[in-house]
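Trainee: Fold the following, please.
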Amino acid sequence: MCAIGGDHWPPPSFHRKWAFMMSIDIYTEKAIQVPSKEHIIPNFLGGQLISCELIDKFTNDYFGGSIDAALAQALRPITVPLDARSDRKPNEPAPAMQATSVDGETYEVRAGGVVRPTPKLDVQVIGRELHINGSAPGMPEIRQALRKKVKQLGLSLDEVMKQVESLATKHIGLMPKLTFPVEIWDRDPYRATAKIACNQLGMHEQALFLRPEFNSIRQFVMHGTQPEVLPVQVAPVDIRRPESAPMGRLDHLVIVHGTAATGQVTGLVTYFGLLSFVVNLATCTLDKNFSYSYRVDQLGRSDRQNASADLKMVIPSFESCARLSYEEFRETALAQLNSLLPEVFGIQRQHWLRRIILPYWEKAAELTARRELTPDEHWELANAITVAVVRELEPSIREASRLRRAEAEAALEKASTDGGGEDK
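Mentor: Next up is the predicted model:
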């Protein structure tokens, strides 16, 4: 304690002033005890815009382990094929996801759409012997499975792996048809979507958002308490159109818009250019019109705030979206997904080709840095790339050939049967 002129320091007026200046958590409406960096659009979607005056660390941790995690999981069937990386870890691939084949087997889908079966290994120690049965996508998975058992026997892991490699049989198979749900149209992802709109409004109009009229959307985000009409609705919006001046092929966007004449405060949140939602934030007395936007090109690692093209976008009225019947909602959602997936798979194919070709290209670049390639080296490079592509496609080529043979045989059998009928 420090005293100046007989009075305690700091004086009571200082305490009152400090309390007034403290930031308020816009969701709990309590003073922020531990400031926390809150991304307006989540970091796993490439969001770079941060505010340290929106929520307490406790609230941030709660969201991160609940509704933000649910949104990340729901969007994984899109982020994984695209290898859409977080802004915080741009050098790390997008997290893998689990998928199920049509025959019930589980597979791991890695960034860029690389599919690998999950390991099925039975490792037992019997006496001084190590017994291994099963299958694995590669030697690293077998090595990991053997690590503890080998240590238990006091053996060298490297020596054991040499024996395993000599005994293992390698098999290249056709990638199965996989099924995985896109569950973005669900309660917790909806709460995370509403939070993005609330964050955007709170960053620019915090005093407004802390008014009682916003308690309903606040309770929906915090606790999932649903008002009479769900405050998040599917919106038929495509932000890839030229008039919206897209930054990349599949941008994310959040806009909050307030109209003084009606008192309506509405948000628009779009993922990957097409998965769009309108958010009913509140109806209240406004002394001005306002509009704030934030757009992210996750694949190109860039963003922008309050661009005129974004601010001019028309947000569909919440009422019109809420009036959609279940059939109309389903049709709108499926139309968005069916329009988005070809874009996703097109980019995935680019990743696939880049993954195959890049090692050869880098090797050629290393050589050409010292001298020009000879005609023979050009031919060897082209041949190596062709062989690598064909090797990757070999299971699909074999399956396609099998199907063509089966169709030809069926056609011949049908012709024979039809011809026999006519002879009779």
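
Trainee: which ones are touching Val125?
Mentor: Listed by Cβ atoms under 8 Å, 6 or more residues apart in numbering, the contact partners of Val125 are His131, Lys149, Gln152, Leu153. Bear in mind the C-beta positions are built from the backbone N, C-alpha and C, glycine included.

Trainee: From those, list just the buried residues.
Mentor: Lys149 (16 or more other Cβ atoms under 10 Å).

Trainee: For Tyr326, state which of the contacts of Val125 is nearest.
Mentor: Lys149 (53.6 Å; Cβ to Cβ).

Trainee: Okay, buried residues for the host helix or strand of that closest one please.
Mentor: Lys149 is part of helix 139-153, with elements assigned from DSSP states H and E. Of the residues in helix 139-153, Glu141, Ile142, Arg143, Ala145, Leu146, Lys149, Val150 count as buried by neighbour count, 16+ other Cβ under 10 Å.

Trainee: Now find how far off-centre that helix is within its chain.
Mentor: 32 Å (Cα atoms, centre = their mean, to the nearest Å).

Trainee: After that helix, which helix or strand is next?
Mentor: In N-to-C order, the element after helix 139-153 by DSSP H and E is helix 157-167.

Trainee: Can you report the mean pLDDT over the residues of that following helix?
Mentor: Throughout helix 157-167, pLDDT has a mean value of 87.

Trainee: by contact count, what packs against it?
Mentor: Contact here means 3 or more Cβ pairs under 8 Å, 6 or more residues apart in numbering; DSSP states H and E; on that basis helix 157-167 packs against helix 139-153.

Trainee: Which elements pack onto the helix it packs on?
Mentor: strand 120-126, strand 129-135, helix 157-167.

Trainee: what is the orientation angle of the second one with strand 120-126?
Mentor: Orientation of strand 129-135 against strand 120-126 (axes from the mean of the first three to the mean of the last three Cα atoms, to 10 degrees) gives an angle of 170 degrees.

Trainee: Show residues contacting strand 129-135.
Mentor: Counting by Cβ under 8 Å, 6+ apart, 117, 119-125, 142, 146, 149-150, 153, 155, 160, 164 sit against strand 129-135.

Trainee: if we take these, which one ends up nearest to Val109?
Mentor: Pro117 (10.9 Å).

Trainee: Contacts only, for that closest one.
Mentor: So Pro117 contacts Glu105, Thr106, Tyr107, Glu108, Ser135, Ala136, Pro137 (Cβ under 8 Å, 6+ apart).

Trainee: again with Leu253
Mentor: Contacts of Leu253 (Cβ under 8 Å, 6+ apart): Ile239, Leu268, Val269, Thr270, Ser293, Tyr294, Arg295, Val296, Asp310.

Trainee: From the structure, what's the count of residues near the fifth one?
Mentor: Spelled out, it's Ser293. For Ser293, the neighbour count with other Cβ atoms under 10 Å is 21.

Trainee: So it belongs to a helix, correct?
Mentor: No. Judged by DSSP: H, G, I helix; E, B strand; the rest coil, Ser293 forms no part of a helix; its state is strand.

Trainee: what number of residues lie near the nearest residue to it once chain neighbours are set aside?
Mentor: In space, and not counting its chain neighbours, Ser293 is closest to Asp310: 3.7 Å by Cβ to Cβ, 6 or more residues apart in numbering. Residues lying near Asp310 (other Cβ under 10 Å) number 24.

Trainee: circling back to that earlier point, from the buried residues of helix 139-153, which is closest to Lys89?
Mentor: Once Cβ to Cβ is applied, the member of these that ends up nearest Lys89 is Glu141, at 23.1 Å.

Trainee: Would you confirm that that closest one contacts Pro119?
Mentor: Yes. Counting by Cβ atoms under 8 Å, Glu141 does reach Pro119; the two are 4.6 Å apart.

Trainee: before we move on, back to that, and the two most separated of the contacts of Val125?
Mentor: Maximum distance among those (Cβ to Cβ): 13.2 Å, for His131 and Gln152.

Trainee: tell me the mean pLDDT for stretch 314-321?
Mentor: 94.

Trainee: Could you do stretch 137-152 as well?
Mentor: 85.

Trainee: Please write out the alpha-carbon positions of that stretch in CSV.
Mentor: Only the C-alpha atoms of stretch 137-152 are listed here, as CSV (Å, rounded to 0.1, in the frame of the first residue of the first chain):
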residue,chain,number,x,y,z
PRO,A,137,-1.7,-48.4,-44.0
GLY,A,138,2.1,-48.2,-43.7
MET,A,139,5.2,-49.0,-41.7
PRO,A,140,5.0,-45.9,-39.4
GLU,A,141,1.7,-47.2,-38.0
ILE,A,142,3.3,-50.7,-37.4
ARG,A,143,6.3,-49.2,-35.8
GLN,A,144,4.1,-47.2,-33.4
ALA,A,145,2.1,-50.3,-32.5
LEU,A,146,5.3,-52.3,-31.8
ARG,A,147,7.1,-49.7,-29.8
LYS,A,148,6.0,-50.7,-26.3
LYS,A,149,6.0,-54.4,-26.9
VAL,A,150,9.6,-54.3,-28.3
LYS,A,151,10.7,-52.3,-25.3
GLN,A,152,9.1,-54.9,-23.0
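
Trainee: Need the CA coordinates for stretch 199-214. PDB is fine.
Mentor: Only the C-alpha atoms of stretch 199-214 are listed here, as PDB (Å, rounded to 0.1, in the frame of the first residue of the first chain):
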ATOM      1  CA  ASN A 199     -18.600 -11.200 -32.100                       C
ATOM      2  CA  GLN A 200     -18.700  -8.900 -35.200                       C
ATOM      3  CA  LEU A 201     -21.400  -6.700 -33.600                       C
ATOM      4  CA  GLY A 202     -19.700  -6.700 -30.200                       C
ATOM      5  CA  MET A 203     -16.400  -5.600 -31.700                       C
ATOM      6  CA  HIS A 204     -18.000  -2.600 -33.400                       C
ATOM      7  CA  GLU A 205     -21.000  -1.800 -31.200                       C
ATOM      8  CA  GLN A 206     -20.300  -3.300 -27.800                       C
ATOM      9  CA  ALA A 207     -22.500  -0.900 -25.900                       C
ATOM     10  CA  LEU A 208     -25.400  -1.800 -28.200                       C
ATOM     11  CA  PHE A 209     -24.900  -5.500 -27.900                       C
ATOM     12  CA  LEU A 210     -24.900  -5.300 -24.100                       C
ATOM     13  CA  ARG A 211     -28.400  -3.900 -24.100                       C
ATOM     14  CA  PRO A 212     -31.200  -6.200 -22.800                       C
ATOM     15  CA  GLU A 213     -32.800  -6.600 -26.200                       C
ATOM     16  CA  PHE A 214     -29.800  -8.900 -27.100                       C
END
